[in-house]
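Chemist: I would like to see how this sequence folds:
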Amino acid sequence: MAKKIRFPLKINDTDVRSIEDLRDNFDLETVLGYYTNGKLVTWLRDRYYNEEADSIEALSADDEQLGIKLAKALGVEIEADENLDIEEVRLRREKLEMLSRYISDRKILDNMDIVAVDQDDLYDILDSGADKVYLFKETFSVPTRRGDVTYIGLNGAKVKLQGKTDYDFNAVNIHFDNVEFTGSNDPEEYCNIANCYYDGNGVSENYDKMYEYYKKAADMGYAEAEAYVGMCYLSGNGVSESDFEAMNWFKKSAERGCGLGYYGMADCYLNGYGVEKDENEALKWYSKAHDQGVVRAAKDIAEMYDNQENYREAIKWYEKYLNHGNKVTDEFQDEVTKYVIGECYFKIGEQYRNSNSEDRLINALENYKIAYDYYNSYDAFVKLGECCIFESFPDAYKDEKSKWYTLVAEKYGKAANDGNMYIASYYGAFYYYGLGVPKDYQKAIEWFQKSYDYNPFSMYKLGDCYFYGNGVEENYYEAAKWYKKAADQGYEKAYTALADCYCSDGSMEDLDEAEYWFEKAIDAGIDRNGDFRLCRIDCIIQLKRSDEQMAGLINYLKGD
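Modeler: Numbering: from 1, shown residues only. Okay, here's the model as predicted:
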């Protein structure tokens, strides 16, 4: 006679072989499961627990107190609130058995309460407050209003994106892992799916999937998707890069009147992608794109004018781009655009300053002021001071000159007192020359001394103070020391000043040194005829060299 095999019950990962083991490891849900499938009674009779088996067989599955009575029959006392619904236990058991046929991961099976096997199951799990849900095998609709959830796909689960609105899963902290998005054969839905894969919106970025869904929508004649397919070919994202294919798709989109198609064509003409480069065509298509609501086209038009040095037109288009506000741009991009507008005003100021018109300086200052006051252009702020210090106002603008000196001196004083030592250097010059403030060499020297580590101009002006005896006792040696510091920093005017020190009468006279620094000034591009000081030095050196030659000739004739 064959030996009968008595299988244990599995409760809480323990092999239960006796009724004592069962009582020690009692778990009502598991025991109810064994009761439902008949294994509990079989297990009892195999071990000669016939009395307990008879008691259990006498129980009714419809009894609301089944759990309590079952536990009592096995010699276990439980509280009334521990009683379980036998139908619920049966369904859970069936769910576990079904999942076990596909899933071997014990961790997932132990958490089957958060495994959704159909749409109703998903809603029940979400109602329980779960922040992680396993989606099993089916296609699910995920409620976007229920945030803070991570969905993990099992056995090819899919999520259907319904409707034609853009999804922003990241904004509500919804994330997907091992889940594929799907739609309902609507081109706009396909585009939304593609956008999710492009942006990494709730899923990992996947350019292959992105292209797949853009192409599905494009093949249905959806113009926006045709433009996106063109962008895929242009960038090589999800498909082999091809400028020619990109241009073809942009044309298809543009023929349907799509702004993105216009924009793509403009890009191709501007850069010569798949077509001969043509800036006029690019400008035409960017303008059409902007008219169709493609906001960033305004920025591209502005940049084209900027590169052509047509800064007035560039400003107009940059401002159009900026005035769209947060519809497209973010705060950082707004600040960048403001900076670029400021740079355009700065460049207009440079154009005026370098022109030959009588009002060039006034126009330059006005544009520098706009660049600084409204767009915080630091370069323009520096130029305001340089114009006042280094430029001469025409006689016709005497009143304007006083106004600008006062205005810039006030701005520079504030910046200097706030710790901007580069500006402090120029602020010293306002006191040195009496520009917008009373002339005061002591205050000038004070600011030069504070700032010489930040701007060689201060070193140069300290040299001037000692050379001319302004605010200090005249001292050519001390002047030369400061001029040399400035020269070592590449400040070219200091070359001329050093030459002046060495060609002066007295103990410092050294014509070789004077000629050395004179030549450095010439090599630096300083015009000997246009710079009075350099012209004077040239004359002095030539005269002194002539005197030396004459003295040498006289001595020769004397026989010395």
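Chemist: Please count neighbours and contacts with C-alpha atoms only from this point.
Modeler: Noted.
Chemist: Residue 75: how many residues sit nearby?
Modeler: Burial of residue 75 is recorded as 14 neighbouring residues (other C-alpha atoms under 10 Å).
Chemist: which phi and psi does it have?
Modeler: When read as degrees, to the nearest 10, the backbone of residue 75 gives phi 80, psi 30.
Chemist: ok, now which ones touch it?
Modeler: residue 23 (C-alpha atoms under 8 Å, 6 or more residues apart in numbering).
Chemist: give me the low-pLDDT residue ranges for the stretch 1-150 of the chain?
Modeler: Applying pLDDT under 70 to the stretch 1-150 of the chain flags residues 1-4, 80-87, 89.
Chemist: typed the wrong thing, it's the chain
Modeler: Using pLDDT under 70, the chain drops low at 1-4, 80-87, 89, 162-166, 325-330, 505, 546-560.
Chemist: Please enumerate the strands of it.
Modeler: Counting by DSSP state E, the segments of the chain that form strands are 9-11, 14-16, 115-116, 132-136, 139-140, 149-154, 158-160, 174-177, 180-182.
Chemist: Any idea which of those strands gets closest to residue 526?
Modeler: Closest of those to residue 526 is strand 174-177, at 66.3 Å (criterion: C-alpha to C-alpha).
Chemist: Which one, of the strands of the chain, ends up nearest to residue 458?
Modeler: strand 174-177 (59.6 Å).
Chemist: for the closest one, which positions count as buried?
Modeler: 174, 175, 176 (16 or more other C-alpha atoms under 10 Å).
Chemist: Which neighbouring elements make contact with that strand?
Modeler: Judged by 3 or more C-alpha pairs under 8 Å, 6 or more residues apart in numbering; DSSP states H and E, strand 174-177 is in contact with strand 149-154.
Chemist: partners of the strand it packs on, with directions?
Modeler: Here strand 149-154 is paired, per DSSP bridges, with strand 132-136 (parallel), strand 174-177 (parallel).
Chemist: Tabulate the CA atom coordinates of the last one in PDB.
Modeler: Once side chains and other backbone atoms are set aside, the C-alpha atoms of strand 174-177 remain, and they are given as PDB (Å, rounded to 0.1, in the frame of the first residue of the first chain):
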ATOM      1  CA  ILE A 174       2.100  61.300 -11.000                       C
ATOM      2  CA  HIS A 175       4.800  59.000 -12.400                       C
ATOM      3  CA  PHE A 176       4.800  55.900 -14.500                       C
ATOM      4  CA  ASP A 177       7.300  53.100 -14.700                       C
END
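Chemist: how distant is it from the center of its chain?
Modeler: Offset of strand 174-177 from its chain centre (C-alpha atoms, centre = their mean, to the nearest Å): 24 Å.
Chemist: Other residues contacting it?
Modeler: Contact with strand 174-177 is made by 144, 147-153, 169, 201-204, as judged by C-alpha under 8 Å, 6+ apart.
Chemist: So the residue nearest to the spatial centre of the chain versus residue 340, what's the distance?
Modeler: Nearest to the mean C-alpha position of the chain, by C-alpha atoms, centre = their mean, lies residue 332 at 7.4 Å. Separation of residue 332 from residue 340 (C-alpha to C-alpha, to the nearest Å) stands at 13 Å.
Chemist: what do you get for residue 542?
Modeler: The spacing between residue 542 and residue 340, counted by C-alpha to C-alpha, is 51 Å.
Chemist: okay, these two: which has more neighbours?
Modeler: Neighbour count, other C-alpha under 10 Å: between residue 542 and residue 340, residue 340 has more, with 21 against 14.
Chemist: Output stretch 97-115 as PDB, nothing but the C-alphas.
Modeler: Extracted C-alpha coordinates of stretch 97-115, given in PDB (Å, rounded to 0.1, in the frame of the first residue of the first chain):
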ATOM      1  CA  GLU A  97      -4.000  32.600  -7.600                       C
ATOM      2  CA  MET A  98      -4.500  34.400 -10.900                       C
ATOM      3  CA  LEU A  99      -1.600  36.800 -10.300                       C
ATOM      4  CA  SER A 100       0.600  33.900  -9.200                       C
ATOM      5  CA  ARG A 101       0.300  32.400 -12.700                       C
ATOM      6  CA  TYR A 102       2.000  35.400 -14.200                       C
ATOM      7  CA  ILE A 103       4.100  36.900 -11.400                       C
ATOM      8  CA  SER A 104       6.800  35.200  -9.400                       C
ATOM      9  CA  ASP A 105       8.000  38.300  -7.500                       C
ATOM     10  CA  ARG A 106       7.000  37.600  -3.900                       C
ATOM     11  CA  LYS A 107       7.200  41.200  -3.000                       C
ATOM     12  CA  ILE A 108       4.500  42.100  -5.500                       C
ATOM     13  CA  LEU A 109       2.300  39.100  -4.500                       C
ATOM     14  CA  ASP A 110       2.500  40.100  -0.900                       C
ATOM     15  CA  ASN A 111       1.300  43.600  -1.900                       C
ATOM     16  CA  MET A 112      -1.600  42.400  -4.100                       C
ATOM     17  CA  ASP A 113      -3.900  44.900  -2.400                       C
ATOM     18  CA  ILE A 114      -2.200  47.600  -4.500                       C
ATOM     19  CA  VAL A 115      -2.200  45.500  -7.800                       C
END
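Chemist: Which stretches in the stretch 351-500 of the chain count as helices?
Modeler: Per DSSP state H, counting those that start in this stretch, the stretch 351-500 of the chain carries helices over the ranges 360-375, 378-390, 398-417, 421-433, 441-451, 456-468, 476-488, 493-502.
Chemist: For the second one, list the C-alpha coordinates in PDB.
Modeler: Spelled out, that is helix 378-390. Taking Å, rounded to 0.1, in the frame of the first residue of the first chain, the C-alpha atoms of helix 378-390 are listed here in PDB:
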ATOM      1  CA  TYR A 378      26.200  97.300 -16.500                       C
ATOM      2  CA  ASP A 379      28.200  97.900 -19.700                       C
ATOM      3  CA  ALA A 380      25.900 100.900 -20.400                       C
ATOM      4  CA  PHE A 381      26.400 102.100 -16.800                       C
ATOM      5  CA  VAL A 382      30.200 102.100 -17.300                       C
ATOM      6  CA  LYS A 383      29.800 104.000 -20.600                       C
ATOM      7  CA  LEU A 384      27.800 106.700 -19.000                       C
ATOM      8  CA  GLY A 385      30.700 107.600 -16.800                       C
ATOM      9  CA  GLU A 386      33.300 107.200 -19.600                       C
ATOM     10  CA  CYS A 387      31.400 109.600 -21.800                       C
ATOM     11  CA  CYS A 388      31.300 112.200 -19.100                       C
ATOM     12  CA  ILE A 389      35.000 111.800 -18.200                       C
ATOM     13  CA  PHE A 390      36.700 111.200 -21.600                       C
END
